[in-house]
Each structure stands twice: as C-alpha cells, then as structure tokens.
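**Student:** Sequence first, then the predicted structure, then my questions.
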Amino acid sequence: LEENITDTHNETNLTLLKESKKEISKEAFKDDNSLIECLEEEIVTKVKVSILSAEGDEILYISPTGIATASGTSEDPLDSINSALAKFSGEGSHTIKVMDGTYTSMDNSIVNTDLDNLNIVADTDANPIFNFAYSFSSPLYWIFSGNNIYLEGLKFSNIRGSYNLNINGGYYYHSVLRFVNASNVLVENCAMDMVGPYKFNLTNSDNVSFKNCSFSNSTSSYYMFASENSNFTIEDSNLTNISTSSIINSTFKLINNTFSNNNVSNLFTTRDSSAEIINNTVKDSYFSGSYGFFQITDEIETNISFVGNNFTNITGRYNLIYSYSNQHVPRNILIANNSFTDVSEGINAEYANLTVENNTFKNMSSSSNNYPTVYSHYGNISFKNNNFTDSSSLISVSSSNGTIENNNFLNNVPNYTGIIYSYSSNLN
C-alpha cells in the first residue's frame, strides 16, 4: 500500500501516513478526488490526498535564524514567510514549515498572498511564536485570498498595531488573519494571546474553520471575529477574556467550545446572519452591557439555534441572549437541550418565533430592572418540557402568542409578579 502511495502521490502524504497514530484530517488536501483508508495498528487513518502531481509540490523551511537568500531546506532555512512565498511557483501545493523559535522580523509582519493550496505549518515538535511586543506600531497582518489554505501549530502573541494600515497605497483595519475571497480554510492548533484590534477578519469567504485553537486576553475592545458575507466554524476551542465579535450577512457555527472569564458588553453581535450554537460551555463571566453572550439584530428572516450548551455562573446587567429587529422581521430562535445554572441574565426575544424546549433552568435570578429568564415580546413562544427550579426569576410573555406546557416548576420564589407573567397575549 505504501509503495502504491509513493508511486502516485507526494512524499508529504506518505510521511503523514507513516507518522499517524491518530486521525489525520489535513484540510490542506481539500479535494475529495481520492480518499485512502489505511489500517495501522488497528487505527483507521483517513488521508485526503491532493490530486496535484508530486512534481508540483513545494516544501520550504523558515527559521528565526534563517536568511532571505537561503535555499529553504531544513539545513539552510529562509528567514520569513515572505521569503518563502517569493520562491514558490504558481503550480502544485506549497508548504512552509515553520521551525522552532520566536519570529519578530518585519518580513513576517505583513503577508499578502492569493496563492492556492498553501500550508503554513509548525515543523515537527516545533513551537513557533510570532511576537511583536517590541513595537506598538508594527502589526501582524496576514491576508489570504486563495483556495485551500491550512495554518497549523502557530502562536501569535503581543500583537499590537495600527487601526489603519497602509498596504500598497490602500488603508485597512489591522487584523492578525484576514481572509478575502478565500475558500476551504482551516486554522488548527493555533494560539492567539494578547492580540490587539480586529483579530480575525472574513470577507466574502467560504468554508473557513478554526479548530482546536486558543484565543485569550484581547488587548482591545475591537472585534475578535469580524465576518461579512462569509461562512465559518469555530470548533473545539478555548476563548478566554476575548473582545466582542461582529457577524454580518454570514452563516456560522460554534461547536464544542469553552467560553470563560469574558467580561464585555456582548460577546457576539449578529446582523442578518444564521447560526448554530452547539454543545458549548459558557461560564464564569460577567457581561457588562445590555446584550450579554449573543445579540441578534436582523432585517431579514434568519435561523438561530442554541442546542446542548451549558451556561453556568454568569452575571450581568440584562440579557444573556437578545433578539431585536427594527423592521419587525420575525426570526426563528431555537433554545433546546441546554443547561442554565446560576445565571442572572435571560433570553429576550422580540419579534421572534421563540422555541424553548427540554432545557434545565436552575437558580436563575433576575438581573437589574427585574428582567425575566425568558421574555417574549411581539412574537410567538413555545415553552415546553423544561425544568425550572430553585429560581427567583420568571417567564414573561407580552403581546405574543404562545404555549406553555409539560414543564416542571419546583421551589421557585419569584421576586417580581408570579413565575409566569402574561400581558396582552394569547397564551395556552
């Protein structure tokens, strides 16, 4: 089997196979034209193989101690991302192996490429760090406009920079990573710590994924993730003490992440976007503004679902999840199979079709102004099969139509009206 792989595919794929002791999903090989299933020590390894010929594949090494005129081998590495990009042709796949050490060279600061099939990955057992703490005016700004982009094993730390950055005569907001008209992007096993304004920017990009990454200690209130006309996923990642994000006319998923120690006005603000928020943990946070974890503002009908999440030890001023439309356009919001424990903020849905089913609410308390745990205003609500216990908050339905049935209310002592408050509504 290995001989067949050697005959038909490049050495990189063979190395991946030999070294594999776990599932490999190198998204650099995005084309599903061939899928090889190999059995090694009873471990099934799936390797996505590029259809590009072995002759077209290029691998170059960079090192903090490298030089721009080097050949790019591991024994004679280049000095920067840009030096490696300058050596690549337009054919085949292109891999930059980033060797161990801390990178501060300005040639690693600003990268702008539309190259397809590009992999920038940490070398074996390496821990490369891009750190620009030495200069406030030197940002890290990597722009990718190609297809099939893979970044793996990189750390970005102490990134400052300007809000307006002049690149080739054009001014841009500073970002760590920006994807413009890009597709099939995977950022995996990367860490971002103490990063300044506009961290990750997506524009007109498709299938962008951040997986098993760490995002921590934003040094600016400007956007952690800014997405417009794009679709992306954040999965299996830790997000601690981060800034807010702005999602416009996009589709995105948050899957199996941990959000902790976040203290901002609102963590995610969406406009005219659909989202799936699945199996996340949101904990130990204080949301200082009116909109908490998630703010939904739409002028078109959208679908937002929160399924299987765990919210615990969260305080704030008003709302954990807030939905509002100036155009009175209904959106569909599903809150299902979640756990809310020790939370003093609520779910506020205006002009929405709100479904709240099979959740557990425990020790819920009213935030300021006696805001309820669940509030439906000028919409439709279905509140079914929930457990609501040991709480001082309430369910409020105003100018809405709805059904409340098959719920378990136990040991609740609401501090404002009753456990269910209805005003000008048709409620069953």
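**Tutor:** Sure, I can see it.
**Student:** Show me the beta-bridge partners of Gln341.
**Tutor:** Heads up, residue 341 is Thr, not Gln. Thr312, Lys362 (DSSP bridges).
**Student:** for Val356, that is, sorry about that
**Tutor:** Ile335, Phe383.
**Student:** Just give me the neighbour total for it.
**Tutor:** Using other CB atoms under 10 Å, Val356 has 27 neighbouring residues. Where you see a C-beta, it was placed from the backbone N, CA and C, and this is true even at glycine.
**Student:** wait, what's in contact with it?
**Tutor:** Contact partners of Val356, counting by CB atoms under 8 Å, 6 or more residues apart in numbering, are 335-336, 347, 374, 381-384, 386.
**Student:** next helix or strand past the strand or helix carrying Ser227?
**Tutor:** Assigned by DSSP states H and E, Ser227 belongs to strand 225-228. Following strand 225-228 in sequence order, the next helix or strand is strand 231-235 (DSSP H and E).
**Student:** Please export the C-alpha coordinates of that next one as CSV.
**Tutor:** The C-alpha coordinates for strand 231-235 follow below in CSV (Å, rounded to 0.1, in the frame of the first residue of the first chain):
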residue,chain,number,x,y,z
ASN,A,231,-19.4,31.2,6.4
PHE,A,232,-17.2,29.9,9.1
THR,A,233,-16.9,27.5,12.1
ILE,A,234,-15.2,27.7,15.5
GLU,A,235,-14.8,24.3,17.0
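**Student:** Run through the neighbouring helices and strands of that strand.
**Tutor:** Of the remaining helices and strands, those touching strand 231-235 by 3 or more CB pairs under 8 Å, 6 or more residues apart in numbering; DSSP states H and E are strand 206-211, strand 251-255.
**Student:** ok, residues contacting the shortest one?
**Tutor:** Right, the one you point to is strand 251-255. Here strand 251-255 has contacts from 227, 231-236, 273-280, using CB under 8 Å, 6+ apart.
**Student:** Need the buried ones from these selected in PyMOL.
**Tutor:** Typed into PyMOL, the line below selects the buried ones among those, using 16 or more other CB atoms under 10 Å:
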select buried, resi 227+231+232+233+234+235+273+274+275+276+277+278+279+280
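**Student:** Now the residue lying closest to Asn411 once chain neighbours are set aside. Its backbone dihedrals?
**Tutor:** In space, Asn411 comes closest to Asp390 once its chain neighbours are excluded; the distance is 4.9 Å by CB to CB, 6 or more residues apart in numbering. When quoted as degrees, to the nearest 10, the phi and psi of Asp390 stand at phi 50, psi 40.
**Student:** can you pull out the helices in this protein?
**Tutor:** Secondary structure of the chain (DSSP state H): helices located at 2-8, 11-19, 81-87.
**Student:** Identify the bridge partners of Phe225.
**Tutor:** Per DSSP bridges, the residues bridged to Phe225 are Phe200.
**Student:** so how far is Thr95 from it?
**Tutor:** Separation of Phe225 from Thr95 (CB to CB, to the nearest Å) stands at 26 Å.
**Student:** same deal with Asn280?
**Tutor:** Using CB to CB, Asn280 is found at 33 Å from Thr95.
**Student:** OK, contacts around the residue nearest to Asn411?
**Tutor:** 362-363, 410-412.
**Student:** how about the residues you listed, which pair is most distant?
**Tutor:** Farthest-apart pair in the contacts of Asp390 is Asn363 and Leu410; separation 12.0 Å (CB to CB).
**Student:** Spell out which residues are contacts of both of those two.
**Tutor:** By CB under 8 Å, 6+ apart, the residues touching both Asn363 and Leu410 are 389-390.
**Student:** So these two - more neighbours on which side?
**Tutor:** Using other CB under 10 Å, the more surrounded residue of Asn363 and Leu410 is Asn363, with 17 against 11.
**Student:** Test for you: state the pLDDT assigned to that one.
**Tutor:** For Asn363, the pLDDT comes out at 94.
**Student:** Please apply the same query to Phe311.
**Tutor:** 94.
**Student:** wait, what's in contact with Tyr421?
**Tutor:** Shown in contact with Tyr421 (CB under 8 Å, 6+ apart): 372, 394-397.
**Student:** That one bridge partners, please.
**Tutor:** Under the criterion used (DSSP bridges), Tyr421 bridges to Ser396.
**Student:** Next, work out how far apart it and Ile404 are.
**Tutor:** Counting by CB to CB - Tyr421 and Ile404 are separated by 11 Å.
**Student:** what residues do these two have in common as contacts?
**Tutor:** Jointly contacting Tyr421 and Ile404 under the rule CB under 8 Å, 6+ apart are 395, 397.
**Student:** what's the first-to-last distance across stretch 142-156?
**Tutor:** With CA to CA, to the nearest Å as the measure, stretch 142-156 spans 12 Å from end to end.
**Student:** Next, report how far it is displaced from the centre of its chain.
**Tutor:** Relative to its chain's centre, stretch 142-156 lies at 14 Å (CA atoms, centre = their mean, to the nearest Å).
**Student:** tell me the mean pLDDT for that stretch?
**Tutor:** For stretch 142-156, mean pLDDT is 95.
**Student:** cool, stretch 186-197 as well?
**Tutor:** Stretch 186-197 comes out at a mean pLDDT of 81.
**Student:** Likewise for stretch 78-97?
**Tutor:** What stretch 78-97 shows for mean pLDDT is 92.
**Student:** for stretch 411-426, same thing?
**Tutor:** Across stretch 411-426, the average pLDDT comes to 87.
**Student:** For that stretch, list every residue counted as buried.
**Tutor:** In stretch 411-426, counting by 16+ other CB under 10 Å, buried: 412, 414, 419-422, 425.
**Student:** What count of nearby residues applies to the residue nearest to Ile296 when sequence neighbours are not counted?
**Tutor:** Closest residue in space to Ile296, ignoring its immediate chain neighbours: Ser323 at 4.1 Å, by CB to CB, 6+ apart. The tally of other residues near Ser323 (other CB under 10 Å) stands at 27.
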